[in-house]
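Asks: I would like the atomic coordinates for the input below:
(chains A and B)
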Amino acid sequence: MEDLLQYLFSGITIGAVYAVVAIGLSMLYRSTELINFAHGEFAMFGALGLVTLWGQLHLPLPLAFVLSVTGVACVGMVFERFALRPVKDPNPITLVIITVGASIVFRGIAMNVWGKDPVSLPPFSDLESIEIAGAVIVPQSLYIVGAALVLAGTLHLFFRYTIQGKAMTACAVNKKAAWLTGIPSERMGLFAVLISAVSGAVAGIFIAPVTMNTYDMGTMLGLKGFCAAMIGGLGSLWGAFAGGILLGVLESLGAGLISSGSKDAIAFVLLLLILYLCPGGLFAQKQAERF
Amino acid sequence: MSINCMKRIVQLVIVLTLAVGPLSILHAASVYKIGGIFSSTGRASFLGDPEKKTMEMMVDKINAAGGIDGHMLEAVIYDSEGDPAKAVSAVNKLIHRDGVIAIVGPSTTPTTLAIVNFVERAKIPLISCAAGIKITSPVKPWVFKTAQSDRLAVSALYEHMQAKSIKKVGIITVSNSFGESGQEQLVSLAGDYGITIVAKESFGAKDTDTTPQLTKLKGASPDAIICWGTNPGPAVVAKNLKQLKINIPLFQSHGVASAKFISLAGEAAENIVLPSGKILVMDQLPADDPQKQILKDYETMYVSKYGGAVSGFGGYAHDAMTLVAEALKASDGDRQKVRNALENIKDHVGVTGRFSFSPEDHNGLTSSAFVMVEIKNQTWNLLTD
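Replies: This next block holds a predicted model:
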């Protein structure tokens, strides 16, 4: 019982990491129909930015946070302006390949800037682990779950209640029609990538203390985040959140109850099962909403 | 006379020889090329980087002393980045393009196992700096190694545990060949020391969370947990164990015996006990230890050239180079003779331990090559009992 609870807590921690990444992916898909495979690299930049600014230059945490997010946001904008926008024939496959390419470029840059050695960071606060019924929660994981909730909530409100959010959804539904109604679709695309880069950076920053930070940490994060987003149903923010948590919990239960060797396989088996049984994901948006 | 002053004189001599007698250079004996394959970058760079530096340093030292039988040494070093595929391409370059006499390295067990067949086929003596026992057991004619085998590390660890009357252990190993080999030795030797393994878990080399595995280990209520891996995984294990408030002693392998582990694990490293080469605690060794002077000399030489701190990993390359130099004597550059000479080296005291090779033993060390150390106040402490 105690063990089961512990598996659950560990799963939620690691799941929240996947959730934050998945939310960023899902958000970008919702507003541009683009699946960004370089999203994990935004998280990596966020984490390594924090390593430099907070861990090495010892700036105050909030300042390091803001600077790191701003830096990644700039990378996102450059990426959109010079890699995505100039594409003459922006069909989904071309764009996906561009993002895969970008992820390799980003990894290469990070390798040269930060080197190949892993670096660890202390947790944000010196709090003791919290004990509930014999199982333990690490304070940092509360931060991560909190960050995922706040991110999903903010984006939800943004899309639902702000004119910019609605304009972004409109662009995704039909770019030309949106343009005809006076929505600057190019600016919306830039804006969407910007938000997604920021959410990626936030994910990286929050997980930096619980993981070993290296230039190649984004690959697995991106893949697992993608799995989580698919499980939840691409385009649905709460679906991405739930998908992430579900994936994390199942992984943790799998490692604890079945075999620790099969942990990573579980994510992909799960993805296949879900795509087979319910192709739109567990929380797929109704088609009516998109058209 | 300072080292710098020595260097000056050597330089002066070289310049004078160049100026006065170019002919004598032409007639000088040919160069012995020694290959090196180290993971000088990548996840295992903490192994490969000091090894590469040490090899270069040793080559310079041997050359400054006049080379071997008048032959200068030349090091041809490639970076494997810890990737077996890159190690294979490096070994092929060394064999076919560079024509080396012997190869030192690679740094890790997976990269070494990847190239073993190539050196066997090409009949080139290889002195690996990796720990896995599979490298020299079963014995392969051309493959030697200087790093202590994990079997010796396990013996030293179990001896210590037996003295502390620890009977039940849970083990968690990294799922690569270092961890798997470690697990095999942990399992196969446990009985000899009256130790029962109550649970076995593994973790991926890139895992960021091992709490499910540790929870499972805790469920089997062991007296102690042994983690077998190289950075950064064991640091994650140490951190997670502390976060989970599991108050069971944690033992680590010699795979983390470098300052990098302490910096990665931070406070979670405190009180961890592990088997390590003597280099980490050389100042705490008794004065009559035969390795003490060699360790001191190596440290002085390394630190004055590169700064920083020495590690046992660089020591593996140091020993490999001194062994090669020993074997090259009177070999006329014949690889078969070098191999035979290596196999017959007895009581060669190095940084890692006392090497006595034989046709049955290409590692040549005993468990006395290990001491048990404890991490206290972010530094290493020799355990004497």
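
Asks: just give the number of residues close to A:Val100.
Replies: For A:Val100, the number of neighbouring residues by other CB atoms under 10 Å in any protein chain shown comes to 14. Backbone N, C-alpha and C define where each C-beta goes, glycine included.

Asks: residues contacting it?
Replies: Residues in contact with A:Val100, defined by CB atoms under 8 Å, 6 or more residues apart in numbering or on different chains, are A:Phe37, A:Ala38.

Asks: how about B:Met321?
Replies: B:Met321 sits in contact with B:Ile34, B:Thr54, B:Met55, B:Met58, B:Val59, B:Ile62, B:Val104, where contact means CB under 8 Å, 6+ apart.

Asks: and it, what element?
Replies: With secondary structure defined by DSSP states H and E, B:Met321 is part of helix B:312-328.

Asks: buried stuff in that helix?
Replies: B:312-325, B:327-328 (16 or more other CB atoms under 10 Å in any protein chain shown).

Asks: any idea how far that helix is from the chain center?
Replies: Helix B:312-328 has its C-alpha centroid displaced from the chain centroid by 10 Å (CA atoms, centre = their mean, to the nearest Å).

Asks: next SSE after that helix?
Replies: Helices and strands here follow DSSP H and E; after helix B:312-328, the next one along the chain is helix B:335-343.

Asks: so what secondary structure elements neighbour that next one?
Replies: Using 3 or more CB pairs under 8 Å, 6 or more residues apart in numbering or on different chains; DSSP states H and E as the contact criterion, the secondary-structure elements in contact with helix B:335-343 are helix B:312-328.

Asks: can I get the CA coordinates of the helix it packs on in CSV?
Replies: Backbone C-alpha positions of helix B:312-328 (Å, rounded to 0.1, in the frame of the first residue of the first chain) are rendered in CSV as follows:
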residue,chain,number,x,y,z
GLY,B,312,42.4,6.9,-10.4
PHE,B,313,41.2,6.9,-14.1
GLY,B,314,44.3,8.8,-15.2
GLY,B,315,46.2,6.3,-13.1
TYR,B,316,44.9,3.5,-15.4
ALA,B,317,46.5,5.3,-18.4
HIS,B,318,49.7,5.9,-16.3
ASP,B,319,50.0,2.2,-15.6
ALA,B,320,49.2,1.2,-19.1
MET,B,321,51.9,3.5,-20.4
THR,B,322,54.5,2.3,-18.0
LEU,B,323,53.6,-1.3,-18.8
VAL,B,324,53.9,-0.6,-22.5
ALA,B,325,57.2,1.1,-22.0
GLU,B,326,58.5,-1.8,-20.0
ALA,B,327,57.3,-4.3,-22.6
LEU,B,328,58.7,-2.3,-25.5
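
Asks: now the angle from it to helix B:335-343?
Replies: Orientation of helix B:312-328 against helix B:335-343 (axes from the mean of the first three to the mean of the last three CA atoms, to 10 degrees) gives an angle of 120 degrees.

Asks: show the average pLDDT along helix B:312-328.
Replies: For helix B:312-328, the mean per-residue pLDDT is 93.

Asks: for the chain, what spans make up the helices?
Replies: Going with chain A. Residue ranges of the helices in chain A, as given by DSSP state H, are A:2-32, A:39-50, A:61-79, A:92-114, A:139-161, A:163-173, A:175-180, A:185-207, A:217-232, A:237-253, A:263-277, A:287-290.

Asks: think we crossed wires, I meant chain B
Replies: Assigned by DSSP H, the helices in chain B fall at B:3-20, B:22-27, B:45-64, B:84-92, B:109-122, B:150-163, B:177-190, B:211-219, B:233-243, B:259-265, B:292-306, B:312-328, B:335-343.

Asks: weakest of the ones you listed by average pLDDT?
Replies: Of all the helices of chain B, the segment with the smallest mean pLDDT is helix B:22-27, scoring a mean of 44.

Asks: and which of the contacts of B:Met321 is nearest chain A?
Replies: Distance from chain A was checked for each of the contacts of B:Met321 by CB to the nearest CB. The minimum falls on B:Thr54, at 18.7 Å.

Asks: including neighbour count and distance to chain A, could the contacts of B:Met321 go into JSON lines?
Replies: Shown next, in JSON lines, are the contacts of B:Met321 (neighbours: other CB atoms under 10 Å in any protein chain shown; distance: CB to the nearest CB, whole Å):
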{"residue": "B:Ile34", "neighbour count": "28", "distance to chain A": "26"}
{"residue": "B:Thr54", "neighbour count": "31", "distance to chain A": "19"}
{"residue": "B:Met55", "neighbour count": "26", "distance to chain A": "20"}
{"residue": "B:Met58", "neighbour count": "26", "distance to chain A": "24"}
{"residue": "B:Val59", "neighbour count": "23", "distance to chain A": "25"}
{"residue": "B:Ile62", "neighbour count": "21", "distance to chain A": "30"}
{"residue": "B:Val104", "neighbour count": "31", "distance to chain A": "22"}
